[in-house]
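K.L.:
What follows is a predicted structure for the sequence shown.
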Amino acid sequence: MRARIFFAAAMTLVASSAYAASNPIVTVPWGALVSDILAALHPAAVSLASLALAWLAARLGPDIARALHAAHIDQVMTRAIEAGFALVEGAEKGKVLEIPIANAVLRQAAQYLVAQAPGLFKELGDNLGQMLIARLSAAGALPAEASAANLDLAPAAHVDGKAPLA
């Protein structure tokens, strides 16, 4: 392909110089020349773009996977707390809960995680209770007297009849 381009360029120069000797107006077929050059460069440009995308995916892949996993955890935890509020009588979003009601919300949220994301439930393990309590606290639902002594840090949720947090 390159040989064709150089041959076409050489022939154009020879033809234009011969034509220029007999005619003062010289025309160069720029469209055909540029088209041939672009046709020769196209495979190289596609290869370079593919190489750049492969490098970017290899470089950023793990970071993107971690960010997506963190977003998934955040979404599931938010939905679990919302389910806890929806399933416990007396639990109203935006209001401070009493300790027994807060514990019931924690248990329902943990049960939601078991049902909707059992793999994530197992992955979070002992941290689950603390994460759910942090969500309740961020929602302003925990009373001032709430502490590790009176909150259920290991909500009793069961996967296949077994309590993974026990």
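P.N.:
Yep, that arrived.
K.L.:
any idea which element residue 112 lies in?
P.N.:
Element membership for residue 112 (DSSP states H and E) is helix 99-116.
K.L.:
For that helix, could you pull out the residues that count as buried?
P.N.:
Neighbour counts using 16 or more other Cβ atoms under 10 Å place 101-114 of helix 99-116 among the buried residues. All C-beta spots, glycine's among them, are computed from the backbone N, C-alpha and C.
K.L.:
in this protein, which residue is closest to the centre?
P.N.:
If you average the C-alpha coordinates of the chain and look for the closest C-alpha using Cα atoms, centre = their mean, you land on residue 68, 3.9 Å from that point.
K.L.:
Roughly how far does it sit from residue 3?
P.N.:
The span separating residue 68 from residue 3 equals 49 Å under the rule Cβ to Cβ, to the nearest Å.
K.L.:
export the buried residues of helix 99-116 to JSON lines and tack on distance to residue 42?
P.N.:
Rendered in JSON lines, the data for the buried residues of helix 99-116 read as follows (distance: Cβ to Cβ, whole Å):
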{"residue": "101", "distance to residue 42": "67"}
{"residue": "102", "distance to residue 42": "64"}
{"residue": "103", "distance to residue 42": "66"}
{"residue": "104", "distance to residue 42": "65"}
{"residue": "105", "distance to residue 42": "61"}
{"residue": "106", "distance to residue 42": "61"}
{"residue": "107", "distance to residue 42": "62"}
{"residue": "108", "distance to residue 42": "60"}
{"residue": "109", "distance to residue 42": "56"}
{"residue": "110", "distance to residue 42": "57"}
{"residue": "111", "distance to residue 42": "58"}
{"residue": "112", "distance to residue 42": "54"}
{"residue": "113", "distance to residue 42": "52"}
{"residue": "114", "distance to residue 42": "55"}
